[in-house]
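Participant: Build me a model:
(one chain, ligands or ions: 2)
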Amino acid sequence: MPCTGLNCPKPTSLETNNEYSYEKLTQTAEYLKSLISFTPQIGIICGSGLGSLADSIQQKIEVPYPQIPNFPQSTVKGHSGCLVFGYIATVPLVCMKGRFHYYEGYPLEKCAMPVRVMKLLGIELLIVTNAAGGLNPNYKVGDVMLIKDHVNLMGFAGCNPLRGPNEERFGPRFPSMNGAYDPRLRAEAQKIAQGAGLAKGVHEGVYACLGGPCYETIAENRLLRQLGVDTVGMSTVHEVIVAKHCGLPVFAFSLVTNESVCDYESKVEPKHDEVIDAAKSMEAVLQKFVQGIIEFVAKNGVK
Ligand SMILES: O=P(O)(O)O[C@@H]1C[C@H](O)[C@@H](CO)O1
Ligand SMILES: Nc1nc2[nH]cnc2c(=O)[nH]1
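Facilitator: Ligands and ions are numbered 1, 2, ... in the order given. Down below sits the predicted model:
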């Protein structure tokens with residue numbers, strides 16, 4: 001029974017209380033639809049320094065985030081803050097050059113809200129990329145890890161983008177996270193990577209997201225390794241949770257931009273500029289790789 005005492009706070013509805021209610025997100029999506037004449041089939045999120053993935057888009061329509069109603073703003077170097085609509089390999093798509101992170105001060109539901117906007121725009125597949133530290137001792141800077149699963153470490157502490165009243169129009173209250181990273185696309189990506197010149201440095205593994213902005217301590221890296229984590233970053237997990245909740249298949253990969261040091265003798269320190277440089281040096285290969293994935297989807301469909 002709901003509390004009916006005079007001093008009890010009135011229950012607030014999603015519509016009136018939530019900065020990112022279904023209605024607000026629909027407004028944002030309707031605004032974006034008014035700028036384009038096609039339905040994007042794929043959404044792409046560019047990780048730190050990976051904005052050049054948008055360079056191969058044809059017939060571009062660029063929409064800076066400050067122009068988009070209800071949209072957060074990019075504040076981090078390597079995230080330019082612009083949605084790019086257009087085509088790759090005849091597939092209509094939308095690409096986020098710049099994502100939102102918890103450490104910027106945004107709550108997780110705000111970090112992940114563009115995923116719901118892209119769902120409302122009509123996408124059927126989400127491609128998520130990130131720059132990450134390589135914990136697995138077999139990984140080297142410049143390697144790509146296809147994400148097969150994640151550890152939602154922030155979720156262990158109760159931080160989840162789905163926290164709060166559930167919006168049934170997106171998905172169920174208690175979504176399963178099994179199969180969140182599409183196994184068919186992952187298997188195909190192994191072959192596509194060979195063609196793109198990534199033959200040696202492609203792995204499959206587990207990604208974990210921490211809140212940042214600090215990089216991990218050596219003790220934390222040691223712990224993460226023991227937990228079975230292969231790459232560590234500050235994004236992706238909340239986006240994928242929201243995507244799975246609303247039934248979007250996901251293909252995701254980490255670019256290993258730095259070694260996650262587990263040795264107290266090491267003098268190696270992670271630096272964001274080096275993360276961006278490592279991402280830049282892989283631009284051409286990763287563009288080819290992502291184009292290969294999109295060509296596969298164009299030929300074979302999403303499912
Ligand atoms: O947006 P991603 O996850 O690719 O960026 C990573 C995490 C931090 O934002 C930044 C640290 O260098 O890179
Ligand atoms: N948390 C975290 N995020 C990163 N992004 C790029 N490299 C790293 C890293 O080593 N740790």
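Participant: before we move on, what SS does Ser254 have?
Facilitator: strand (DSSP: H, G, I helix; E, B strand; the rest coil).
Participant: who are the neighbours in contact with it?
Facilitator: 47, 129-132, 144-145, 147, 207, 231, 233, 236 (CB atoms under 8 Å, 6 or more residues apart in numbering). For glycine as for every other residue, the C-beta is placed from the backbone atoms N, C-alpha and C.
Participant: Please name the bridge partners of it.
Facilitator: Asn130, Met145 (DSSP bridges).
Participant: Report the separation between it and ligand 2.
Facilitator: The spacing between Ser254 and ligand 2, counted by CB to the nearest ligand atom, to the nearest Å, is 9 Å.
Participant: and if you look at Tyr139?
Facilitator: 11 Å.
Participant: do Leu125 as well
Facilitator: Distance from Leu125 to ligand 2, by CB to the nearest ligand atom: 24 Å.
Participant: OK, contacts around that residue?
Facilitator: 41-43, 182, 185, 248-251, 297, 302.
Participant: And the helices in the protein, which stretches?
Facilitator: 14-17, 22-33, 108-111, 113-121, 153-156, 183-195, 218-226, 237-245, 272-280, 283-300 (DSSP state H).
Participant: Looking at the contacts of Leu125, which is nearest Gly86?
Facilitator: The nearest member of the contacts of Leu125 to Gly86, counting by CB to CB, is Ile42 at 11.1 Å.
Participant: For that closest one, grab the count of nearby residues.
Facilitator: As a burial measure, Ile42 scores 23 neighbours (other CB atoms under 10 Å).
Participant: which residue packs closest to it, ignoring adjacent ones?
Facilitator: Closest residue in space to Ile42, ignoring its immediate chain neighbours: Leu93 at 4.2 Å, by CB to CB, 6 or more residues apart in numbering.
Participant: That neighbour and Phe38 touch, don't they?
Facilitator: No - contact between Leu93 and Phe38 fails when scored by CB atoms under 8 Å: they sit 9.4 Å apart.
Participant: my read: Pro270 touches Ala132, true?
Facilitator: No - using CB under 8 Å, Pro270 is not in contact with Ala132; the gap is 10.4 Å.
Participant: Enumerate the residues of this protein near ligand 2.
Facilitator: 131-133, 210, 212, 215-216, 232-234, 257-258, 260, 270, 275 (CB under 6 Å from any ligand atom).
Participant: One more pass at 8 Å, please.
Facilitator: Taking CB under 8 Å from any ligand atom, the part of the chain that reaches ligand 2 is made up of 48, 130-134, 209-210, 212, 215-216, 232-234, 257-258, 260, 270, 272, 275.
Participant: which of the residues you listed count as buried?
Facilitator: Neighbour counting by 16 or more other CB atoms under 10 Å classes 48, 130-134, 209-210, 215-216, 232-234, 257-258, 260, 272, 275 among the residues of the chain next to ligand 2 as buried.
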